[in-house]
Every structure is written in C-alpha cells, then in structure tokens.
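Peer 1: Prediction below, plus the sequence it came from.
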Amino acid sequence: MTEPDYDLLIAGGGMVGSALACALGDADLKIGLLEGAPLDRIRPGLELDARVSAISHASQRIFAAVGAWDGIAAWRVSPFHDMHVWDATGFGQIHFDSVAIGEPLLGWIIENRVIQFALLERVRQLPAVELLCPATLDTAQALENGCWRVCLSDGREFTTRLLVGADGAQSRVRQLAGIETSGWSYDQTAIVANVRTAEPHQQTAWQRFLPTGPLAFLPLADGRCSIVWATPPEQADALLALNEAEFAEALAEAFDQRLGAIVEVGHRAAFPLRLQHARAYVQPGLALIGDAARVIHPLAGQGVNLGLLDAATLAEVVLDAVAAGHDFGSLKVLRRYERWRKGDNLLMMGMMDGFKRLFGNGLPPVRLLRNIGLNLTDTAGPLKNFIARRAMGLAGDLPRLARAAG
C-alpha cells in the first residue's frame, strides 16, 4: 500500500487539538489539523468573549514550551492571586492564597478564543503541520494496515497512521470508532456572561456554593468578571428571560453582594452540564484527547487543563515511540498514553462529582459537616496547600512539557 498522507491527523483545532499539533510541530512527522471554523471567526475581537478558562501553571508551561504563550499574552490575560470559596447555606469558607503556597499567582483567566487563536497562529508557523481550515470530518474507516482513511465533508480523502479525536464532547471520531461513553446529566445549565461590578475584583476568583449549584466570578483583564452560574434548567431559562437590570439584581443577590451591585451585564449564553467518560481512549491507530475522552463539571475549572495534559502526554508518548523506532500508532504504544491519563482523569472527575453532590445536598447534617470541613481544611495548611498545588499543576505525574524547568 502507498504511504499514508499524514503521520497524524488531528480532528478538532480547538485549544486541545491545536496544542497537540504545536507540541509535535518540530518533529519529523507530517501532521494535519482539521478546524471547522474559519480563522477570521476565531480571531479575538475588541469585546471580551464570554467563554473563558482558568489556566493552571502546568497549562501555562505547555503553552510556553510550544511557543504560544507570548501570542496569548499579546492579547489579554488576567492573573489571579487568591480564591475565595464559601457555602451559601452556612458558615463554611476557604481561602487559597498564592503567597502561602510560595507562588506569585494561582493561575490565569483567559478567553478560550484568545488561546485557540494564538495556538493556531503558532501552528501556521510550523512547516510540519498543515492546517486544514475550514474542514470537518465526515467519515473514518480503519484499514487493514493499521491506518485510518478519513473523508471530509467537502469530499477530500486522506489516510493517516494515527487519527486523533480532539473534537469535543460530541466527538465524531469517537462515534465512528464505536467507543461508548458512560456518565449522566447533572440536570444543570451553566449561564456565562461578562459583568462589571461596583467594587473591583481584586485579581481574585470567587465561588459561592448555592443550594441550586455553584456561582463563580472570575477576574478579567479589563476589570470585569466572567461569571459561570450553574442552575437547574428551568431556573436558567427564567434568568435568561430577564432583562439586564433584573438579571443584574438577581445575580448580585445570588452572589451575596460580595463585590457590590452588578452595574453592567454583557451577552448571556448557556450550556448544559454533564459528566461523561469514554470507555476507551485508544484503538489501533486512534486516540481521544480532551472532551472527546471525558467531560467534567466546571466548578473547579479543570476541564481544559486536563485536556492540555492529555495533549502533552500523547505528544510525549508519540515522540518517545518515534525516538525508539516503534510504531506510535500501535495499540501497545497508545495504551501507555491511556494508562497515564485515565487514572488522573478519573480521580479529578470523581472529586468534581463528589464536590457537586456534597454541596448540592440540603440535609442539615450534611450541610453542617461540609461547613465544618471547609473551615477545618482552611486552617490545615499542608492539606490546603496540597489541594492547591495539585489543582495548579504543580504536583502529580506530569508530562515533560508541563514540568517546571530544571
């Protein structure tokens, strides 16, 4: 058979897929990256996007290692130094402080569009990577030689030694590979918007656990906050139907006026929340990363950070196999990636699901215990610092791209 058109073909040019392309861009490989949206639609505008991510230290190191961090910082980033979390139904609260951990900051709040655009701009500088944009995958078929044949929606066909699904929670790659998922709906909808508060956000991330779901205020570079408000679907519909003044009043009340009145509300959007996990991450010649592999509750902002660790880990596994002269599309090699990432993903998924259920339980004994637990954790320095360092990507079995220099 003829040589495949690509060594790797990555379906999905979002933050995770484009990070993988960047991580492999200096290797002696031919890589294709499929992105469905035209670049001019991804390019950030003057107005901040409502969809943002809390970027950990590990993720920032990945961006820096693949040459994209300067491009991200050239747009706008908002570092945060503190995080305040409290329970609306009691007295429990916890405060994370970067100084106490010995770090200059806890992380960065960055628009998804800024990250994606900077990564794609970096992709365009890499001769090993061909950006196919706009292009979407239609069908994929496993071949006898271990490769995959891919047909795009515009009729173009390619073969690849490794097909990577980085195409989100409704992954077409995962569906075509016949990989099933397990999980459940949280019966919650997340409302996102950018708002301006009467008092400054103090470069602090704020989160209040309401009986109906968590409400987060995340600091933005222009002084506003990005909110993520998880509520039951019927409450979300009612909130979206309010005019700006009514929504601002309801939001300020839900946030306990922690930053004063809400003086400006930007465009509101909403999306359903669920937990989802692929039963397998790999098949011969195929791998899933990011939301194609797992979806978690956004209450701690770990989703994209887990996805970027997936990308960095898969890149390391592929490069190690190439250096050793092994077939990086073989199931034996790809299972190293699956074993490395599956346990960490399951641990984080379990923790986020547990937090969601713990804070959603209205039984008085449970409320009392969780409030006591929050306060005890807040005063237990080593435990609190361990939790923070783990969430920041400063601990754990990290791939090379995510580790601190030296």
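Peer 2: Now that the structure is in, tell me what you want to look at.
Peer 1: quick one: least confident helix or strand in the chain?
Peer 2: One helix or strand of the chain scores below all others by mean pLDDT, DSSP states H and E: helix 381-391, with a mean of 76.
Peer 1: Identify each buried residue in that one, please.
Peer 2: Across helix 381-391, burial judged by 16 or more other Cβ atoms under 10 Å covers K384, N385, I387, A388, R389, R390, A391. Any C-beta I mention is one placed from the backbone N, CA and C, and that applies to glycine too.
Peer 1: Also stretch 46-63?
Peer 2: For stretch 46-63, a neighbour-count test (16+ other Cβ under 10 Å) marks 48-50, 52-63 as buried.
Peer 1: How about stretch 188-198?
Peer 2: For stretch 188-198, the neighbour count (16+ other Cβ under 10 Å) marks Q188, T189, A190, I191, V192, A193, N194, V195, R196, T197 as buried.
Peer 1: Tell me the secondary structure of the fourth one, please.
Peer 2: State at I191, reduced to three classes by DSSP: H, G, I helix; E, B strand; the rest coil: strand.
Peer 1: Ok, G32 next?
Peer 2: strand.
Peer 1: Equivalent analysis for H84, please.
Peer 2: Recorded secondary structure, H84: strand (three-state DSSP).
Peer 1: That one bridge partners, please.
Peer 2: Beta-bridge pairing of H84 under DSSP bridges involves H95, W206.
Peer 1: Could you pull out the strands in the stretch 51-200 of the chain for me?
Peer 2: Counting by DSSP state E, counting those that start in this stretch, the stretch 51-200 of the chain has strands at residues 52-55, 78-80, 82-87, 93-97, 107-111, 129-132, 137-142, 148-152, 157-165, 181-197.
Peer 1: L24 is nearest to which of these?
Peer 2: Nearest of these to L24, taken as Cβ to Cβ: strand 129-132 at 7.6 Å.
Peer 1: okay, the closest one in PDB with CA atoms only?
Peer 2: Taking Å, rounded to 0.1, in the frame of the first residue of the first chain, the C-alpha atoms of strand 129-132 are listed here in PDB:
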ATOM      1  CA  VAL A 129       1.800  20.900  10.300                       C
ATOM      2  CA  GLU A 130      -0.800  21.500   7.600                       C
ATOM      3  CA  LEU A 131      -3.800  23.500   8.900                       C
ATOM      4  CA  LEU A 132      -7.000  22.400   7.000                       C
END
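Peer 1: Does that strand pack against any helices or strands, and if so which?
Peer 2: helix 15-24, strand 31-34, helix 112-123 (3 or more Cβ pairs under 8 Å, 6 or more residues apart in numbering; DSSP states H and E).
Peer 1: Give me whichever of those is most buried.
Peer 2: By mean neighbour count, with neighbours taken as mean count of other Cβ atoms under 10 Å, helix 15-24 ranks first of the helices and strands packed on strand 129-132 at a mean of 29.
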